[in-house]
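1. this is a predicted model, with the sequence first.
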Amino acid sequence: MTISMRFLDFCQVMERVDSTTKKNEKIIIVASFLAELSLEELPLACYYAAAQVFSKKSQLKVQFGWSSFMAVIRQLTTRSDKELQSFYRRKADFGSLIEWALLKPKPRPKSLSTFFEGETEPDPPSIGEINTFFEKIASLTGKGSLRKKKEELLQLLTTLSPLEAKYIARIITSDTRTGFQEGLLLEAIAIAFKRRKEHVRYAYMVLSDLGELALVSKNPSLNLTSIVPKLFHPLKSMLATKTDSIEDALDTFSPLVCESKIDGFRAQLHINLQLCKIYSRNLEDVTEAFPEITGSITPAQKKQIAPCILDGEIVGLVENKPVFFQDISTRILRKTDVASSVLKLPCYFFVFDVLLFRGESLLRMELQERKGVLSTLPTSKHVQIISSETVEDLVEIQDRFREAIKDGYEGLMLKDPTSLYLAGRRGKSWLKLKATLPTLDLVIVGAEWGHGRRTGWLSNYHLAAKENDGFQMIGKTFKGLTDSEFDWLTEKLKSLKITDESYGVRVQPQVVVEVEFDNIQQSLKYPSGMALRFARIKKIRTDKSIEDVDSIETVQQLYQGQLQRQKHINKS
Ligand code: AMP
């Protein structure tokens, strides 16, 4: 079967999705569209609807930023930079900017107009041809590849309508804000193929691939809950929700499984007899960054447990105390020589969960049973099991919390012993309790050029929380980063630049940072009415994506909590 659906058809469906604010209508429009697609078209339509170029599991990347995209657009439009910038300032939507730019095209270059003379306009490309284009630009790597990618994009855009170009822009830049978010897509898949929502969510956790998910959902003879994890196919990770106090946690469930919260790097370790691989929370293969971990598992140990998938946190230890993430992130960003980093700061994998053991899926087991299996796991120098206890006594948990902080941990993880492993939405089965004020995961939407010591760096970062389909700024900071992080962020933000501003740049919201602050105050400066006081970046969260950014509601809840505490203090 060939792929005949035009990319334009897909764009028109997405326009209908965009034109309604009602979630249910959006879901129904996409569901009826998906239900009609062939097996070849379905996966591609799912990736594109969620503004993904390829499956999240794919190690293929297009590596093409907004500023490169804009450079190509400038060759095609008669609109001036000033007009483009002012449009973006009003709409803050990159896809619409591209569409609007191409509505006023430059006359076609001579060679192209001769080429088309006497010929009819080419047919709009099929969704499969667009996939071929993405694969082609992803395959261009190394010296000179950016120039070639720009040429390929220029070539493609000259054959597309402004509407098609808008969606190419959204997909290439993963602009989910006005696209169709993953959660809604899962609901649409459930409706399209008459599946239960929770079964679709479960299957997505195991497959981590929207295209594969749609295909298995379309197959009526397949029971989604019978899908089991496969080695070397990373699963989505179970997430935790913030809790303010041990009392609140005990109100949610009791007894609870209590563990230290390690401030490290979330990872999944996949083991068979021949091979061990490590994946990040974003499903990236990061095996090469941690040779000491994979190298410490002996053949005999593998034989006892394989095929096996472990969930845990990677952290560096110095004198048995955890050392903060920054040093690890330089390994992952390939900013350091791994061999010397292994000597300087050896890393350890602390296992807190087991998802596959001797080939058997444990996903339908309760946490307490999975912990039972975990206790039989042989440990090695660099793979250890996190110590965990089931407790219900408030004082005992308070003691554990104090001990954890003293030992250099971030706080505690409190888990429901009867819970199943469920990824995706943040549920209430895992609660995180941190020592300091809770931090916020925010996205950088702009940055200012630094002065003095910070000259040459983009350094004062504009921080935003999620609101509906967009982002709302709630603070700025230049604090908390090392020089090499300033270097890295400056390069990264330059590649995400949308417009130059008098202060610096506006950027595509993509880089997530974990931000500490003293408190939240009322402020007229930002539309949300709130601003962070003394914000500082605790970590650049390369392991998180914009779907993980905290919402304005979360900021409001923190603000309300802060007011309550203030009242309490004033009274006493
Ligand atoms: P946060 O990064 O603040 O969203 O907190 C949740 C993260 O804490 C998880 O994704 C893990 O990376 C990490 N973590 C540290 N210790 C544990 C633990 N004992 N159990 C589960 N997650 C943990």
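-> Done, it's in.

2. measure how far the helix or strand hosting Gly211 is from the centre of its chain, please.
-> If you go by DSSP states H and E, Gly211 is part of helix 210-218. Offset of helix 210-218 from its chain centre (C-alpha atoms, centre = their mean, to the nearest Å): 21 Å.

3. could you point out which element follows that helix?
-> Downstream of helix 210-218, the first helix or strand assigned by DSSP H and E is strand 241-242.

4. list the helices and strands that following strand packs on?
-> strand 430-434 (3 or more C-beta pairs under 8 Å, 6 or more residues apart in numbering; DSSP states H and E). Quick note: C-beta positions are derived from backbone N, CA and C, even for glycine.

5. pull the helix or strand just after the strand it packs on out as PDB, backbone CA atoms only.
-> Going down the chain from strand 430-434, the next helix or strand is strand 440-449, by DSSP H and E. Provided in PDB are the C-alpha atoms of strand 440-449 (Å, rounded to 0.1, in the frame of the first residue of the first chain):
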ATOM      1  CA  LEU A 440       9.700  25.100  39.900                       C
ATOM      2  CA  ASP A 441      10.400  23.700  36.500                       C
ATOM      3  CA  LEU A 442      10.200  26.600  34.200                       C
ATOM      4  CA  VAL A 443      11.100  27.200  30.500                       C
ATOM      5  CA  ILE A 444      13.400  29.900  29.200                       C
ATOM      6  CA  VAL A 445      11.500  32.200  26.700                       C
ATOM      7  CA  GLY A 446      14.000  35.000  26.300                       C
ATOM      8  CA  ALA A 447      17.400  36.100  27.500                       C
ATOM      9  CA  GLU A 448      19.400  39.300  27.900                       C
ATOM     10  CA  TRP A 449      23.000  39.900  26.800                       C
END
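
6. residue contacts, the closest residue to the ligand within the chain?
-> Closest contact between the chain and the ligand, by C-beta to the nearest ligand atom, is at Arg266 (3.2 Å). Residues near Arg266 by C-beta atoms under 8 Å, 6 or more residues apart in numbering: Ser237, Ser280, Arg281, Asp311, Gly312, Glu313, Ile314, Asp543.

7. thinking again about what came up before, pull out the buried residues from the helix holding Gly211.
-> Judged by neighbour count (16 or more other C-beta atoms under 10 Å), helix 210-218 contains these buried residues: Leu210, Gly211, Glu212, Leu213, Ala214, Leu215, Val216, Ser217, Lys218.

8. kindly report the same for stretch 517-531.
-> Phe517, Ile520, Tyr526, Ser528, Met530, Ala531.

9. in JSON lines: those residues, plus secondary structure.
-> Formatted as JSON lines, those follow (DSSP: H, G, I helix; E, B strand; the rest coil):
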{"residue": "Phe517", "secondary structure": "coil"}
{"residue": "Ile520", "secondary structure": "strand"}
{"residue": "Tyr526", "secondary structure": "coil"}
{"residue": "Ser528", "secondary structure": "coil"}
{"residue": "Met530", "secondary structure": "strand"}
{"residue": "Ala531", "secondary structure": "strand"}
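
10. which one of the residues you listed is nearest to Lys194?
-> Ser528 (40.4 Å; C-beta to C-beta).

11. on that earlier part again, could you export the helix holding Gly211 as CSV, CA atoms only?
-> Presented in CSV, the C-alpha positions along helix 210-218 are these (Å, rounded to 0.1, in the frame of the first residue of the first chain):
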residue,chain,number,x,y,z
LEU,A,210,2.8,7.4,19.5
GLY,A,211,3.0,5.7,16.0
GLU,A,212,3.5,2.2,17.4
LEU,A,213,0.7,2.9,19.9
ALA,A,214,-1.8,3.9,17.2
LEU,A,215,-0.9,0.8,15.2
VAL,A,216,-1.4,-1.6,18.1
SER,A,217,-4.6,0.2,19.1
LYS,A,218,-5.9,-0.2,15.5
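
12. check which helices and strands that helix is in contact with.
-> The contact analysis (3+ C-beta pairs under 8 Å, 6+ apart) places helix 210-218 against helix 41-49, helix 182-192, helix 197-207.

13. would you turn the ones you listed into CSV with mean pLDDT and distance to Ile127?
-> Formatted as CSV, these follow (pLDDT from 0 to 100; distance: least, C-beta to C-beta, whole Å):
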stretch, mean pLDDT, distance to Ile127
helix 41-49, 96, 5
helix 182-192, 95, 16
helix 197-207, 95, 21
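
14. tell me which of these sits most buried.
-> helix 41-49 (a mean of 24; mean count of other C-beta atoms under 10 Å).

15. so which elements touch it?
-> helix 7-19, helix 23-35, helix 127-139, helix 162-172, helix 182-192, helix 210-218.

16. of all those helices, which one is nearest Glu501?
-> helix 162-172 (20.4 Å).

17. buried residues in stretch 292-303?
-> For stretch 292-303, burial by neighbour count (16+ other C-beta under 10 Å) applies to Glu292, Ile293, Thr294, Ser296, Ile297, Gln301, Lys302.

18. so what's the last one closest to, chain neighbours aside?
-> Going back to what we said before, that points to Lys302. Nearest non-adjacent residue to Lys302, counting by C-beta to C-beta, 6 or more residues apart in numbering: Leu273, 5.3 Å away.

19. out of the buried residues of stretch 292-303, the closest to Ser375 would be?
-> Closest to Ser375, out of all of the buried residues of stretch 292-303 and judged by C-beta to C-beta, is Gln301, at 15.1 Å.
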